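1. Provide a 3D model corresponding to the input given below.
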Amino acid sequence: MAYLDTIKFGAWTPKFITMHHTGGPSLTTWKTYAHGSRKVPITDAQWMKNLAGYYGGEMGWSAGPHFFFTPDNFCVLSLPEKRGVHAVSFNANSWGVECVGDFDAEPFTDELKDRYAEGLACLYLAIGLSPENFVKGVRGLHFHRDDPKTTKTCPGKHVSKDVMIAAIQAKMIALGGGEHDHDDDVPPPVAVPKTRTGVVNVAASDFLVVRDEASGKSPETRRLRKGDKVQITGEAKNGDTAWFRIVGDDYVAAKYVTLT
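-> Numbering: from 1, shown residues only. Reported below is the predicted structural model:
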């Protein structure tokens, strides 16, 4: 909690939390890192350094999941005050939390449930949100499998959302020293971003690529033609390139869009 208290949000703030499992490494494999017979053990801190190199180097991503939870530590991988990369449909609005284990194949024990619920409870308390009142893409605890753009079962078929929500709420009460104030019949207000309108300005024979992230290396989601209108909900900068976030949580290079 001490670390989370130091976070200062700017233009980006998470609206919900998305839970994942690592799949690989499985819990069995992770236990060999620092607790096995390796000549040079891999601590959780070193594993985070390795992952940062993998996401930034091999994958070319600007970020990865925000947090990695292990049976030993709650680790930070990507800056929590900035958008991460972990679930295509939820990157723009949520923190991504990877929990060590392959819970399609490995049991999600009560011990692990309590461990990961404690970490998630700390995150919810830090941003003043609740895991309840699920609305896809808006609020409540999300699982990666809620993403319509994936076929994965993440965080594993052995993990129940109702059970996790109850466990997180219990931890929030224990950590917060009392009942967590909420009204099930009155969901919290949802902030609606102000939008601006832009017009695609490319050659008639050309097109503008729409991407999932503010990066030229990010996957293409669709293409726009000259004169197409876009609703702009935010801005981002990647190196020297400016990007507009548009409705649908995709991105286009700002230099090819004229504001109207």
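2. next one: the longest helix anywhere in the chain to chain centre, how far?
-> Scanning the chain for the helix with the most residues, using DSSP state H, yields helix 110-127. Chain-centre distance of helix 110-127: 16 Å, with C-alpha atoms, centre = their mean, to the nearest Å.
3. and if you look at stretch 57-72?
-> On C-alpha atoms, centre = their mean, the centre of stretch 57-72 falls 10 Å from the chain's centre.
4. same deal with stretch 145-163?
-> On C-alpha atoms, centre = their mean, the centre of stretch 145-163 falls 14 Å from the chain's centre.
5. okay, how far is it across that stretch, tip to tip?
-> The first and last residues of stretch 145-163 sit 16 Å apart, counting by C-alpha to C-alpha, to the nearest Å.
6. For it, give me every contacting residue.
-> Contacts of stretch 145-163 from elsewhere in the structure, counted by C-beta atoms under 8 Å, 6 or more residues apart in numbering, are 18-21, 23, 87-90, 99, 101-104, 106-108, 113, 134, 136, 141, 143-144. C-beta coordinates here come from the backbone N, C-alpha and C atoms, glycine included.
7. quick one: which of those residues sit in helices?
-> Using DSSP H, the contacts of stretch 145-163 in helices are K113.
8. From the contacts of stretch 145-163, list the buried ones, please.
-> 18-21, 23, 87-90, 99, 101-104, 106, 108, 113, 134, 141, 143-144 (16 or more other C-beta atoms under 10 Å).
9. Which members of those occur in strands, if any?
-> T18, M19, H20, H21, C99, F143 (DSSP state E).
10. between the residues you listed, which is nearest L129?
-> T18 (12.4 Å; C-beta to C-beta).
11. Flag the shaky bits of the protein, pLDDT-wise.
-> The model of the chain has pLDDT under 70 over residues 1, 177-194.
12. Output the longest strand belonging to it.
-> From DSSP E, the single longest strand across the chain is strand 229-238.
13. Going by neighbour count, list what's buried in it.
-> For strand 229-238, by 16+ other C-beta under 10 Å, it's V230, I232, T233, G234, A236, N238.
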